[in-house]
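Enquirer: Sequence first, predicted model second:
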Amino acid sequence: MYHIIVNPASRSGKGLKIWQEQIEPTLKKEKVPYAVHFSKEKGNVTEIVSELCSDRSTSLTLIILGGDGTMNEAVQAVPADASVTIGYIPTGSSNDLARDLGIPKKPAAALELILHTGRPRSMDIGVLTYPDGESRRFCVSCGMGYDAAVCEETQRSRIKTVLNRLGLGKLTYLGIALKQLLATKAISGRLTLNDEESIDIGTMLFVTGMIHRFEGGGFMFCPKADDSDGFLDLCAVGNLSKLLVLFALPTAFSGKHYRFRGITPYRAECFTLEADIPLWIHTDGEVNRRADRISVSCLHHAVLMITPDHKP
């Protein structure tokens with residue numbers, strides 16, 4: 001039995017149509033046993049998964065139809081000791097998780113992978129903790145500063161909906177990224193790796209901690225990130241002029257941005273990041289609050305994902 005969680009609002013409202021026209025007919029044709037659950041509002045996916053996982057005596061296979069944000073909601077509620085396998089049909093605007101795992105863009109092909117050709121394998125996830133003890137898990141990445149500010153504005157952007165319908169969702173991130181870059185102010189930051197090594201970032205633009213290689217619709221900020229090695233890969237950007245950032249950002253699509261002085265890679269099992277003032281924080285592109293300090297760790301082999309045999 002597959003439990004399928006559908007975000008009808010994904011891909012600017014096309015999620016429901018994708019379910020009705022591409023996924024459900026295939027399941028019925030192949031006589032696959034399933035139960036479908038539709039999310040109604042933000043946070044509802046977490047509630048659905050929590051309820052489904054309440055009986056830990058039986059194994060469970062979930063199929064998530066939505067974007068990175070939908071997956072983010074789902075992993076919040078998967079218990080560490082539960083026997084849960086997750087399949088993913090990406091229908092979001094950035095789909096960075098699917099991009100790194102090699103999950104097909106086309107929903108029908110992603111379903112074929114889940115039902116027939118893929119295999120479950122263990123995948124790391126990250127945990128971000130705020131000073132007051134609240135924590136959030138993430139599948140792809142978390143960040144403080146500029147990249148989170150871009151995510152925050154993108155979440156409430158009406159332009160994103162229009163461009164997604166035209167298949168030009170990446171332009172949303174690029175346009176807002178340029179706007180936020182002009183508005184950003186000089187902030188000092190300090191990074192502590194593995195509770196030991198303390199690093200003065202200087203004038204911090206942003207720091208992102210990543211389980212996977214891509215975020216923000218294809219920016220390969222951490223080209224060496226491995227989702228099963230038990231480590232977080234970091235991209236720290238500081239002491240870099242706005243003009244140089246303009247030149248550096250496009251090179252991040254191919255992972256060539258480390259040629260610019262002021263952009264530095266790090267690797268750690270956990271890290272703490274502090275800033276002079278509270279800044280926006282994101283987990284998988286979802287922004288809920290500001291903070292001036294975050295602690296981030298990696299949960300090794302925390303979830304089972306159905307993926308292709310070979311990563312791209």
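Expert: Good, I have the coordinates.
Enquirer: G87 is in contact with T61, correct?
Expert: Yes: assessed by Cβ atoms under 8 Å, T61 is found in contact with G87 at 6.9 Å. In this view, the C-beta of every residue, glycine as well, is placed from N, C-alpha and C.
Enquirer: Quickly list what's touching both of these two.
Expert: Residues touching both T61 and G87 (Cβ atoms under 8 Å, 6 or more residues apart in numbering) are Y2.
Enquirer: So these two - more neighbours on which side?
Expert: Shown here are T61 and G87; by other Cβ atoms under 10 Å, G87 has more neighbours (23 against 18).
Enquirer: Give me the distance between the nearest residue to T70 once chain neighbours are set aside and V78.
Expert: Nearest residue to T70, sequence neighbours excluded (Cβ to Cβ, 6 or more residues apart in numbering): N7, at 4.5 Å. For N7, the distance to V78 (Cβ to Cβ, to the nearest Å) stands at 17 Å.
Enquirer: The two: which has the busier surroundings?
Expert: When N7 and V78 are compared for neighbours, N7 comes out ahead with 26 against 21, by other Cβ under 10 Å.
Enquirer: can you give me the helices for this structure?
Expert: 10-13, 15-18, 24-29, 44-52, 68-75, 96-101, 107-112, 146-155, 158-165, 169-183, 242-251 (DSSP state H).
Enquirer: Contacts only, for the residue nearest to T70.
Expert: Applying Cβ under 8 Å, 6+ apart to N7 gives the contacts 15, 39, 45, 65-67, 70, 91.
Enquirer: Of the residues you listed, just say which sits nearest to L182.
Expert: Nearest to L182 among these: G67, at 27.4 Å, using Cβ to Cβ.
Enquirer: So the residue nearest to Q76 when sequence neighbours are not counted versus S39, what's the distance?
Expert: Closest residue to Q76 apart from its sequence neighbours, by Cβ to Cβ, 6+ apart: T46 at 4.7 Å. According to Cβ to Cβ, T46 stands 9 Å off from S39.
Enquirer: ok, these two, which is more surrounded?
Expert: Under the criterion of other Cβ under 10 Å, the comparison of T46 against S39 puts S39 first, with 24 against 17.
Enquirer: Mind pulling up the pLDDT for the more buried one?
Expert: pLDDT for S39: 95.
Enquirer: pLDDT below threshold where in the protein?
Expert: Filtered on pLDDT under 70, the chain yields the residue ranges 81, 157-174, 311-312.
Enquirer: In it, where's the longest strand?
Expert: Assignment by DSSP state E gives strand 286-307 as the longest strand of the chain.
Enquirer: Just give the strands next to it in its sheet, each with its orientation.
Expert: Here strand 286-307 has these sheet partners by DSSP bridges: strand 84-90 (parallel), strand 119-129 (antiparallel), strand 270-283 (antiparallel).
Enquirer: and the angle for the first one with helix 68-75?
Expert: In other words, strand 84-90. Counting by axes from the mean of the first three to the mean of the last three Cα atoms, to 10 degrees, strand 84-90 lies at 170 degrees to helix 68-75.
Enquirer: again, but for the longest one
Expert: Using the same axes, to 10 degrees, the inter-axis angle of strand 270-283 relative to helix 68-75 is 120 degrees.
Enquirer: ends of stretch 185-199, how far apart?
Expert: End-to-end distance of stretch 185-199 (Cα to Cα, to the nearest Å): 20 Å.
Enquirer: just how off-centre is that stretch within its chain?
Expert: 23 Å (Cα atoms, centre = their mean, to the nearest Å).
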